[in-house]
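S.K.: missing the sequence, but the structure's below:
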């Protein structure tokens, strides 16, 4: 028996410990240690449209942002509230259809339809999911997966809302820089908003619901209420994405409820790092452009893409961001035992 | 560390972006962007048709433009729009990629699914790109929209027949069958997609007006795999013709079951993807006999519509080792030629000028005389190849695709299955 | 009469599609979202053996079933075993594997509508005034046989009993000296073979196409959820319920509602009674 007589020890870096407290404000070094990663993300996102070589790639960035919103909503629900929702397409579909209806039937401009679609859409999604909220684990996952598929079939069968043709003639943003920066700013807003939120009191309750719902109930709090609030927040992100997508492409239809919108954000979360909220954004920034580059290979790209996903989930389930954070905050060394 | 990750990603992206830039050739090629669902019949038929035409043109030097010869270059991109579960935005992104990234001068072929093609129209007008649809999209809404908002959508053309024309052709046949055999009961089965459902409803209305007895109108959702109830209903109501509007692969289940039941009704399909392929006979072990289907334009099945028809047919068969299959083969082929002529006449790549030259198109093509309706940009159909684009209805007879309509190009007549002979 | 006959055929077909999924979930608690892909790929394997290698039909079927059993065992051994117990990872991983198989097949040239398997027996008979082809009757026979064999297997063989034990309480089974990983492997292989068998029996009715994989998965999930996840006999009963519901909606409501039935059944069942009509109530595991 020749077992490795050593193990890896991980220690927080001194600077991390110092920046946890008031010391953070006392030196530039600590201050930059704290703010640099965030600044890199913000500045990076804001300059992305400029470093993109063509208008096509700028459009890809918009798509990245929409997927990023969805992925964040998935990450928030799954890793902070414990509701694994495979129904990202439901959020996109509801938000998209609402924006399309308001724009084409009532003639509202995009800057009005998107906020309304976000709030009203989130309300509708919450109502849809309300009866399923007590469900756990795989049951909630499957029911949320089926919602968009069923909704698409219902629209198809009843021939409402434009049926299989979809709704056409939706107004676009008008100015492409507005279009570009609107989604980027929204991603940043929701990202930092959500990160703040999970550290507030209500965020603590959310995490408690995930970890031990009976304890929450024992404390005299309604689990369903908190879950509903969380679903509202998450679906607001998705609906916002859907509404923007509809205005970017000037078109809405049942394919807004397609399975891809449910699957890709999850893949992005897995690869980017679950439970970090930044991870999913990062995952989308990597996955969506790669999938665009692989387009030339036809269906082979879906194969690549699924294999990457399997590899990540099976062998590296922590994801890039968790790994990165660990390396940033801690150092490792071998110790003899 | 976080920074390092971002740095790597940015560098990675930068490298990847730099890749697609190709060096300019001596004579800059004219890029034809083809957004097609390449994994499906209506995608690869167009791809092959377009590539064949481009190879032929380039072999002769290319397009004469401003005194120099410029070759065509084809950029095919997979839109996946015929796959279930894929959002149309995917197809739209593909179209944008062709326009913005691949710098396509013209869009040919697709998108293939009606929904996607309709959704792509605003994009085409936004970027002012001339597009000639040549496969899949049959919805009359497409050219109706062009006619309605001409200034906005004038860049969109369609060079193959559309659903209304198909309905007309079908009825010409039904009337003939009625006169010959006294048929009067019509059963309609359609797939739940825009063009098929629309066509089926039109079919229903027209049939009632013409004194047919419509015994049923069944609309099956995409992916349905059990048609027994519909077929039994057709049998019970003594239907004599079953009109099928379906391009999903499950239609093979329907046809096989029809044969097994020995249903005394003629399966008369339009856009019946399964029956369009030469491999259909073998795939159904002969159970596809007597199935009729409309391949939209001549040249997709052997006939002598114009001198060019068999020339195209044989060239296609030689190049791809398979006979033309699918409704978009001959039309995609012709789309390239029509576009070349228009560019040469306009002597520029300017979209607006090419549009007005395309409107003046008048050429004897693979499937008859090709002219666009100047208002709706739809190719003008006709029953006579001397007059306009002719359609083709074929019937499977003893393992061969026999053209039975229109009369001017027919190579045989409609046969009834033995169990229908009284 | 026709409703009865074709209702039964449709129901048995659904039961065949779902049994593999139910078996795997019932024993190892792995929701095998690659189920549809296994169904389709077996069809293509059989086709290749039959048409390109020119083997006998029966031999190709048996070979294809063995291959698919091994493939599913490999999928379990190399991927799913590492994420067992994490429901969501299981779903994502198996779905991604299924996606890779299906799209890989498409990329490999298995596309279009010309891939078909021959029916087992030609011919049609009339039951009353309803014509039924022999192959569909055979589907009913095979489906019934599979259900009965499965019941016998799980009640009268050592492995079957071990599997059933595992389905009830994995830890207790471990204490009795049964290796639960090997049992799960066996279950996965058997589930894959059942999916493959369903494919071989049902695909000759039409043609083999990649898109079928997604449909089969949804149908299988619908049946299993309505019947109660993990309950095999529940799945069979639910198959009849959904099968007849589909036929009845086609006749009375219009055929375009056919696909809504399965999806609505899933949602309603999960909301009202998550453990399904015949599942054992495990209140605390399912809802708060």
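M.R.: That came through, no problem. These numbers were taken from a predicted model, which means no experiment stands behind them. Residues are numbered from 1 along each chain as shown, chains lettered A, B, ... in the order given.
S.K.: can you pull out the strands in chain C?
M.R.: Assigned by DSSP state E, the strands in chain C fall at C:124-127, C:130-133.
S.K.: closest to chain A out of those?
M.R.: Counting by Cβ to the nearest Cβ, chain A lies closest to strand C:130-133 out of those; the figure is 27.2 Å. To be clear about C-beta, it is placed using only N, CA and C from the backbone, and glycine gets the same treatment.
S.K.: Is that closest one in proximity to chain B?
M.R.: Yes. Residues of strand C:130-133 contacting chain B under Cβ under 8 Å from any Cβ of the partner chain: C:130-131, C:133.
S.K.: cool, and stretch A:95-104?
M.R.: No. Between stretch A:95-104 and chain B, judged by Cβ under 8 Å from any Cβ, nothing touches; the nearest distance is 9.7 Å.
S.K.: just to revisit the earlier point, quick check, nearest of the residues of strand C:130-133 next to chain B to residue C:23?
M.R.: Residue C:23 has its nearest neighbour among the residues of strand C:130-133 next to chain B in residue C:133, at 28.8 Å by Cβ to Cβ.
S.K.: Need the nearest residue in space to that closest one, chain neighbours excluded.
M.R.: Counting by Cβ to Cβ, 6 or more residues apart in numbering or on different chains, residue B:260 is the residue found nearest to residue C:133 once chain neighbours are left out, at 3.6 Å.
S.K.: how close does that neighbour get to residue C:125?
M.R.: Plainly put, residue B:260 is 10 Å away from residue C:125 if you go by Cβ to Cβ, to the nearest Å.
S.K.: So the two - more neighbours on which side?
M.R.: For residue B:260 versus residue C:125, neighbours defined as other Cβ atoms under 10 Å in any protein chain shown are more numerous around residue B:260 (21 against 10).
S.K.: In this structure the more buried one contacts residue C:126, no?
M.R.: No. Between residue B:260 and residue C:126 there is no contact under Cβ atoms under 8 Å: 11.9 Å.
S.K.: Surely residue B:190 is in a strand?
M.R.: Yes. When classified by DSSP: H, G, I helix; E, B strand; the rest coil, residue B:190 is found to be part of a strand.
S.K.: That one contacts residue B:217, correct?
M.R.: Yes. Counting by Cβ under 8 Å, residue B:190 does reach residue B:217; the two are 7.5 Å apart.
S.K.: ok so, going back, pick the most deeply packed of the strands of chain C.
M.R.: Greatest average neighbour count among the strands of chain C goes to strand C:130-133 (a mean of 20), per mean count of other Cβ atoms under 10 Å in any protein chain shown.
S.K.: Now for residue 182, how many residues are close by?
M.R.: Going with chain A. Residue A:182 - counted by other Cβ under 10 Å - has 21 other residues nearby.
S.K.: My question was about chain C, not that one.
M.R.: 11.
S.K.: Relative to chain A, how far out is the spatially closest residue to residue B:184 that is not a sequence neighbour?
M.R.: Spatially, and ignoring its direct neighbours in sequence, residue B:184 is nearest to residue B:213 (5.3 Å; Cβ to Cβ, 6+ apart). Distance, residue B:213 to chain A, using Cβ to the nearest Cβ, to the nearest Å: 25 Å.
S.K.: my read: residue B:213 touches residue B:187, true?
M.R.: No. Under the criterion of Cβ under 8 Å, residue B:213 makes no contact with residue B:187, lying 9.8 Å away.
S.K.: quick one: low-confidence parts of the stretch 151-300 of chain A?
M.R.: A:159, A:162-166, A:168-169, A:295-299 (pLDDT under 70).
S.K.: Bridging across strands, which residues link to residue A:252?
M.R.: Bridge pairing for residue A:252 (DSSP bridges) gives the partners residue A:167.
S.K.: before we move on, back to that, and the residue nearest to residue C:133, its phi and psi?
M.R.: Residue B:260 has phi and psi values of phi -60, psi -40 when expressed as degrees, to the nearest 10.
S.K.: what's it in contact with, if anything?
M.R.: B:287, C:124, C:131, C:133, C:135 (Cβ atoms under 8 Å, 6 or more residues apart in numbering or on different chains).
S.K.: Find the nearest non-adjacent residue to the third one, please.
M.R.: Counting by Cβ to Cβ, 6+ apart, the nearest residue to residue C:131 once its immediate chain neighbours are dropped is residue B:261, at 4.5 Å.
S.K.: List the contacts of residue B:132.
M.R.: By Cβ under 8 Å, 6+ apart, the neighbours of residue B:132 are B:106-109, B:157-159, B:335, B:338-339, B:358.
S.K.: could you dump these to CSV with secondary structure, distance to residue C:86 and neighbour count?
M.R.: As requested, the contacts of residue B:132 are exported to CSV (DSSP: H, G, I helix; E, B strand; the rest coil; distance: Cβ to Cβ, whole Å; neighbours: other Cβ atoms under 10 Å in any protein chain shown):
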residue, secondary structure, distance to residue C:86, neighbour count
B:106, strand, 51, 25
B:107, strand, 46, 27
B:108, strand, 48, 32
B:109, strand, 45, 33
B:157, strand, 53, 28
B:158, strand, 51, 26
B:159, coil, 53, 29
B:335, helix, 52, 32
B:338, helix, 58, 26
B:339, helix, 55, 27
B:358, helix, 58, 24
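S.K.: which SS class is residue B:218?
M.R.: strand.
S.K.: partner residues bridging it?
M.R.: Under the criterion used (DSSP bridges), residue B:218 bridges to residue B:189.
S.K.: neighbours around it, how many?
M.R.: 21.
S.K.: Confirm for me that it is in contact with residue B:190.
M.R.: Yes. Contact criterion Cβ under 8 Å: residue B:218 and residue B:190 qualify, at 7.3 Å.
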